[in-house]
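> Next input, structure requested:
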Amino acid sequence: MASIELKAVEKWFGNVQVIKGVDLAIEEGEFIIFVGPSGCGKSTLLRMIAGLEETSRGQILIDGRDATAEAPSQRGLTMVFQSYALYPHMSVRDNMGFSLKAAGEPKDKIAAKVDHAAEVLKLGAYLDRRPKDLSGGQRQRVAIGRSIVRDPTAFLFDEPLSNLDAALRVEMRYEIAKLHQSLSATMIYVTHDQVEAMTLADRIVVLEGGKIAQIGAPRELYEHPANLFVAQFIGSPKMNVFSAGLVRGAVGGEQAAQIGIRPEHISVVEPGAGEMDGQVDVIEYLGADTFLIVDCGAAGRITVRTDGESARSPGDPVGLLFAPGKIHAFDAAGQAI
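Purely as a prediction, here's the structure:
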């Protein structure tokens, strides 16, 4: 396991700065996830930690050692990419042990490490198969196993589940969570999927435009977003946001320019009985939940999460009542009040 620290790291491509002075301390055994929209710099930051991208300014420390100028092979890290990059002509066993064989490790040591990784990842029955005979999820497990056998100080994952279908992504999220529990290894994981971030991370690093917008545990980011960007990025469906002047009553104080409320913190009441009135526009039935998309005029469309038994119909006039203590207020600069 390794602690990793970034000190004011920057990355420039010519005259374009893509990482803008990032400071971050990652503890031993911690599961950290970089999340943000496309182009925010999350994969670039991961590649800088791996040594695959040069750090323009600042320092990268691994276990207190300055690794900024070290080659990737010297850092003791291992990376799992979006593509599996398996050798098609090799068996699962040979794919997983290839890096050790190339390094000149003894055959018995290689076999022991491969068998251990296969046991952890439940790949024992597939060791003699070739990649073409495996499902997408099994191939990704082989790619992870190839990293485990190297006994790295930390694992780096670059959107490892994005090539899988929805059902396999759920399965592999479980596998990666169990892997972290069993290995207690330091893991840094990049994704654009905030559901992956919420379900896997010890702490989430939300990136916006090459800077850290907020760092915190999933619950902290969900319940106490530091700004409007984080408030709307974390959570599905996203937080409803509208002008503070459109809400009945003194909500958020005089400094509030915008008000935010999550869909599950709104109750449907009779018109006039809540903070806002509107008309049901669209109903999205999902079984246990029903989402009501309510047209609230100048406030726009407000999403309300109700139970699956909701009897509302399109065109129904409704009032929206906001749960006390669950209203988020933001100033004119988008910062939480």
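
> List the contacts of stretch 102-114.
Under the criterion CB atoms under 8 Å, 6 or more residues apart in numbering, residues 93, 96, 97, 100, 101, 127, 145, 148, 149, 151 lie in contact with stretch 102-114. Using the backbone N, CA and C atoms, a C-beta is placed for each residue, glycine as well.

> With respect to pLDDT, which of those ranks lowest?
The member of these with the lowest pLDDT is residue 151, and it reads 86.

> What's the local residue count around the closest residue to that residue other than its chain neighbours?
The spatial neighbour of residue 151 that comes closest, neighbours along the chain excluded (CB to CB, 6 or more residues apart in numbering), is residue 113 at 7.4 Å. A count of neighbours around residue 113, defined by other CB atoms under 10 Å, yields 19.

> Render the CA-only coordinates of the host helix or strand of residue 113 in PDB, please.
Secondary-structure assignment from DSSP states H and E places residue 113 in helix 107-120. Below are the C-alpha coordinates for helix 107-120, written out as PDB (Å, rounded to 0.1, in the frame of the first residue of the first chain):
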ATOM      1  CA  LYS A 107       8.000 -20.100 -12.800                       C
ATOM      2  CA  ASP A 108       6.800 -21.400  -9.400                       C
ATOM      3  CA  LYS A 109       6.500 -17.800  -8.100                       C
ATOM      4  CA  ILE A 110       4.600 -16.700 -11.200                       C
ATOM      5  CA  ALA A 111       2.200 -19.700 -10.800                       C
ATOM      6  CA  ALA A 112       1.600 -18.900  -7.100                       C
ATOM      7  CA  LYS A 113       0.800 -15.300  -7.800                       C
ATOM      8  CA  VAL A 114      -1.500 -16.100 -10.800                       C
ATOM      9  CA  ASP A 115      -3.300 -18.700  -8.700                       C
ATOM     10  CA  HIS A 116      -3.800 -16.200  -5.900                       C
ATOM     11  CA  ALA A 117      -5.100 -13.500  -8.200                       C
ATOM     12  CA  ALA A 118      -7.400 -16.100  -9.900                       C
ATOM     13  CA  GLU A 119      -8.800 -17.100  -6.500                       C
ATOM     14  CA  VAL A 120      -9.400 -13.400  -5.500                       C
END
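
> Show me the shaky parts of this protein.
By pLDDT under 70, the low-scoring segments of the chain are 250-253.

> Show the contacting residues for the residue nearest to the spatial centre of it.
The centre of the chain sits closest to residue 197, judged by CA atoms, centre = their mean, with a distance of 2.8 Å. With CB under 8 Å, 6+ apart as the criterion, the residues that contact residue 197 are 33, 35, 191, 204, 218, 234.

> Adding neighbour count, write the residues you listed out as TSV.
Written out in TSV, the entries for the contacts of residue 197 read as follows (neighbours: other CB atoms under 10 Å):
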residue	neighbour count
33	25
35	25
191	23
204	27
218	18
234	24
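
> Tell me which of the residues you listed fall in strands.
33, 35, 191, 204 (DSSP state E).
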